[in-house]
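Chemist: Just need the structure, nothing else, for what follows:
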Amino acid sequence: MTLTPEAMARSFEVLSDYRTIMDEAGVSRGLLVATSAVRDASNGDDFLDEARRRAGVDAKILSGHEEAAYSYAGATSGLESDPRATVIVDVGGGSTELAVMVDGVLESYSMQLGCVRVTERALGKGVVNERRRDAATAMIAEQLDHAWQAVPAFATLGDVRLIGLAGSVSTLVQLDARMGTYDRDLVHHRRISTATVREWRDRLANELPEVRLARPGMIRGREDVLPAGLYVLAAVMERLGVDELLSSESDILDGIASSLLP
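Modeler: Here you go, the predicted structure:
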């Protein structure tokens, strides 16, 4: 995979804007991180060099485990204690991270799944037909098998508290609440059942992107990839045997920020 010049140029422009904002706010310390897309790209290092120059801060490509660790730290901050093991699922664009703390050690796995990757390689952007659904389901199941083989602890956790984060989960919560205007307090730590994830997955899969976009709560730019994110999310919940998840607006960014504190 190669990052296109057009995509890189858009990112560089945004990073230059960020640098201006940081200068105005007096920010002197920061960390720029790249995840799945840059990690998998043949020109990822070249992209990161220019991104580092534009942002004016240290930059690094995160490994899958580092990505999961930052996400876990962000998502679990401020949570009440729970006797159950806490698992986080971070459905990104190119990868999905699973992580759980077992005996003080973070066990994690980064699956080659994400709302963009599954859309492009299996599900497609329009109405989902049976052939595309089956292809996506098989792709997701294969990656879940890899995760359970690589981290045997996932199969022995029993009853777990599942925390869902990132855009697919956040958009689902806003759709389910018919939220015309984003309200973090209403999205953060909202409970969503597995049945609700399946209902929205199937409803959106049977609609064209422009119909999805018209729904209150849909975020522009998510209308073509959200069904894939929900296919991934539902499969993870089913594999873990959970009835619900807790959404979290505290995520990898919060984990990264906390790592920079003295």
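Chemist: Show me what the helix or strand of the chain with the lowest mean pLDDT is packed against.
Modeler: Least confident helix or strand of the chain, by mean pLDDT, DSSP states H and E, is helix 36-40 with a mean of 80. Judged by 3 or more CB pairs under 8 Å, 6 or more residues apart in numbering; DSSP states H and E, helix 36-40 is in contact with helix 44-55. For every residue, glycine as well, the C-beta is placed using N, CA and C.
Chemist: what is the mean pLDDT for the following helix or strand past the helix it packs on?
Modeler: Moving toward the C-terminus from helix 44-55, the next helix or strand (DSSP states H and E) is strand 58-61. What strand 58-61 shows for mean pLDDT is 86.
Chemist: Direction included, what does strand 58-61 pair up with?
Modeler: strand 31-34 (parallel) (DSSP bridges).
Chemist: Next, the buried residues of the partner strand.
Modeler: For strand 31-34, the neighbour count (16 or more other CB atoms under 10 Å) marks L32, V33, A34 as buried.
Chemist: ditto for stretch 111-120
Modeler: M111, Q112, L113, G114, C115, V116, R117, V118, T119.
Chemist: I'd say the first one and T96 touch.
Modeler: Spelled out, that is M111. Yes: here M111 reaches T96: they are 4.7 Å apart, a contact under CB atoms under 8 Å.
Chemist: got any residues that touch both of these two?
Modeler: Q143 (CB atoms under 8 Å, 6 or more residues apart in numbering).
Chemist: Look at E130 and say how many residues are nearby.
Modeler: 7 (other CB atoms under 10 Å).
Chemist: For N206, see how far away it is.
Modeler: Distance, E130 to N206, by CB to CB, to the nearest Å: 12 Å.
Chemist: Can you give the domain ranges for this protein?
Modeler: With domains defined by automatic domain parsing, the chain comprises 5-61, 78-256.
Chemist: Quick one: the helices in the stretch 101-250 of the chain, in order.
Modeler: In the stretch 101-250 of the chain, the segments counted as helices under DSSP state H, counting those that start in this stretch are 115-118, 130-150, 167-176, 184-187, 194-205, 209-213, 226-240.
Chemist: Okay, buried residues for stretch 71-91 please.
Modeler: By 16+ other CB under 10 Å, the buried positions in stretch 71-91 come out as 71-76, 85-91.
Chemist: pLDDT on it, on average?
Modeler: 90.
Chemist: Please apply the same query to stretch 158-178.
Modeler: Rounded mean pLDDT across stretch 158-178 is 94.
Chemist: mind checking the end-to-end distance for that stretch?
Modeler: Length of stretch 158-178, first residue to last, CA to CA, to the nearest Å: 33 Å.
Chemist: next one: stretch 72-87
Modeler: 8 Å.
Chemist: From the chain's centroid, how far away is that stretch?
Modeler: 17 Å (CA atoms, centre = their mean, to the nearest Å).
Chemist: that older thread, among the domains of the chain, which is nearest P262?
Modeler: With CB to CB, the closest approach to P262 among the domains of the chain belongs to domain 5-61: 9.5 Å.
Chemist: Quick one: end-to-end distance for that closest one.
Modeler: End residues of domain 5-61 are separated by 19 Å (CA to CA).
Chemist: can you check stretch 200-212 too?
Modeler: End-to-end distance (CA to CA), stretch 200-212: 11 Å.
Chemist: buried residues in it?
Modeler: Quick answer for stretch 200-212 (16+ other CB under 10 Å): W200, R201, L204, A205, E207, P209, R212.
Chemist: And the fifth one, how close does it get to D145?
Modeler: Spelled out, that is E207. Per CB to CB, E207 is found 30 Å from D145.
Chemist: Same check on the third one?
Modeler: Applying CB to CB, the value for L204 to D145 is 26 Å.
Chemist: Quick one: neighbours of V160, just the number.
Modeler: Neighbours around V160, by other CB under 10 Å: 17.
Chemist: Let me see the contact set for it.
Modeler: Shown in contact with V160 (CB under 8 Å, 6+ apart): R84, A85, T86, V87, V100, L240, V242.
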